[in-house]
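Participant: This is a predicted model, with the sequence first.
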Amino acid sequence: QVQLVESGGGLVQAGGSLRLSCAASGGSFSEYALAWFRQVPGREREFVAGIHWSSVTTYADSVKGRFTISKDNAKLTVYLQMNSLKPEDTAVYYCAARSGLVAVSRRSEYEYWGQGAQVTVSS
């Protein structure tokens, strides 16, 4: 059973940066594809970024060029570096893991989820 714990959320002004971390326990990163999703009240949880088993990355169009996903297999931690933040990036951010090689964008494919980290971007 994989457990995921996010950290690093907070309040930042538009144009600023934040880095989210997600520490895993109970499994090995070599067995999972990893992703970040986000959700605002009243809307569905949406895919933000994913990192395959091979470390190939994929991004939603809305964050491409501003966000970077990475992982440290030795530390069992996945990161989301968020630059040039906009007020519309305000959401609860969740990390997720799925058994398999590819980080897909469908949230139903993910078996394990963290508790979420609030990111608020002020204008």
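Facilitator: On my side now, so go ahead. Since we're looking at a predicted model, the values are computed, not measured. Numbers count the residues shown, from 1 in each chain.
Participant: so what's the backbone phi/psi at A14?
Facilitator: With angles defined as degrees, to the nearest 10, A14 sits at phi -60, psi 140.
Participant: Return the residues in contact with it.
Facilitator: Neighbouring residues of A14 by Cβ atoms under 8 Å, 6 or more residues apart in numbering: 85-87, 121-123. Quick note: C-beta positions are derived from backbone N, CA and C, even for glycine.
Participant: and L11, how many neighbours?
Facilitator: For L11, the neighbour count with other Cβ atoms under 10 Å is 12.
Participant: returning to what we had before: most neighbours of all the contacts of A14, which one?
Facilitator: Highest neighbour count within those: L85, with 22 neighbours (other Cβ under 10 Å).
Participant: what's the distance between that residue and I69?
Facilitator: Using Cβ to Cβ, to the nearest Å, L85 is found at 15 Å from I69.
Participant: just Y112 next, same as before
Facilitator: Y112 is 16 Å from I69, by Cβ to Cβ.
Participant: Compare the two and say which one has the larger neighbour count.
Facilitator: Between Y112 and I69, counted using other Cβ under 10 Å, the more crowded position is I69 (23 against 18).
Participant: Give the other helices and strands that the host helix or strand of that one contacts.
Facilitator: Assessed by DSSP states H and E, I69 sits inside strand 67-72. Where contact means 3 or more Cβ pairs under 8 Å, 6 or more residues apart in numbering; DSSP states H and E, strand 67-72 is packed against strand 32-39, strand 46-51, strand 57-59, strand 77-82.
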